[in-house]
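> one predicted model, sequence on top.
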Amino acid sequence: GIQVEQSPPDLILQEGANSTLRCNFSDSVNNLQWFHQNPWGQLINLFYIPSGTKQNGRLSATTVATERYSLLYISSSQTTDSGVYFCAVGDTNKLIFGTGTLLAVQP
Amino acid sequence: ETGVTQTPRHLVMGMTNKKSLKCEQHLGHNAMYWYKQSAKKPLELMFVYSLEERVENNSVPSRFSPECPNSSHLFLHLHTLQPEDSALYLCASSQTGAGGYTFGSGTRLTVV
């Protein structure tokens, strides 16, 4: 099956800093999504991005499908950005999750 | 209500009990999913329903039994669970081929 690797596994930032999270996957996919899981367990969909670049406020994402990776950029980080960021890849009805990046933003 | 609603939020059950988890989506999506999230493990896909038909059963033990009576409702019936089944159970929905998944808040299950 598809393998999904995320890096780094853990990240500590000072408020206001920028960061880049990476997702590598082992096979071609037609579905790639980024999620944020808050400390209470709620998973929020950030981007549906099987290819190309999207931006939403301080967050942006880029997927290079031919090279099998995706990047999530967080700019001017805030304490509310803390939590786990998951990349998930697959086809229409089967999404496989990576192990996530645990982000802690300190004031 | 909008989004995906899961009930109950927390559940403690004995190994001989029978219980059900409920998921309801108000987004008009045509696919629904059950995922399991255990400590220190990635989210695991359990079941997929598309247009009310089960299209994926990811080698899940028979003590977990899904039911999808219509496109808005999804249940997970539980019986004779084991302590290792304790986890966060997440429901999600999507519109096939048209965008991202929307997750519910999950049910935190503890089997004693």
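In hand now; what should we look at?
> mind listing what residue 41 touches?
Chain wasn't specified; assuming chain A. The contact partners of A:G41, taken as C-beta atoms under 8 Å, 6 or more residues apart in numbering or on different chains, are B:37, B:88, B:105-106, B:108. Quick note: C-beta positions are derived from backbone N, CA and C, even for glycine.
> can you do 7 Å?
Applying C-beta atoms under 7 Å, 6 or more residues apart in numbering or on different chains, we find A:G41 in contact with B:88, B:105-106.
> same check on A:F97?
A:F97 makes contact with A:4, A:86, A:88, B:42-43, according to C-beta under 7 Å, 6+ apart.
> so which of the contacts of A:G41 belong to strands?
If you go by DSSP state E, the contacts of A:G41 have B:L88 in strands.
> picking up where we left off before, and the contacts of A:F97 as a markdown table, adding secondary structure and distance to B:A31?
What follows is the contacts of A:F97, written out as a markdown table (DSSP: H, G, I helix; E, B strand; the rest coil; distance: C-beta to C-beta, whole Å):
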| residue | secondary structure | distance to B:A31 |
| --- | --- | --- |
| A:V4 | strand | 20 |
| A:F86 | strand | 19 |
| A:A88 | strand | 14 |
| B:P42 | coil | 20 |
| B:L43 | coil | 16 |
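> could the contacts of A:G41 be laid out in TSV, adding pLDDT?
Shown next, in TSV, are the contacts of A:G41 (pLDDT from 0 to 100):
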residue	pLDDT
B:L88	96
B:S105	95
B:G106	96
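> out of the contacts of A:G41, grab the one that's most surrounded.
B:G106 (24 neighbours; other C-beta atoms under 10 Å in any protein chain shown).
> surely that residue is in contact with B:L90?
Yes - between B:G106 and B:L90 there is a contact under C-beta atoms under 7 Å: 4.7 Å.
> tell me where the chain has strands.
Just so you know, I chose chain A. With DSSP E as the criterion, chain A has strands at A:4-7, A:10-14, A:19-25, A:31-37, A:43-48, A:52-56, A:59-64, A:69-74, A:83-91, A:94-97, A:101-106.
> ah, I was thinking of chain B
Under DSSP E, chain B gives strands at B:4-7, B:10-13, B:18-25, B:31-37, B:44-50, B:53-57, B:64-70, B:73-79, B:87-94, B:102-103, B:107-111.
> which of those strands sits closest to chain A?
With respect to chain A, and counting by C-beta to the nearest C-beta, the nearest of the strands of chain B is strand B:102-103 at 4.0 Å.
> kind regards, and thank you for your time.
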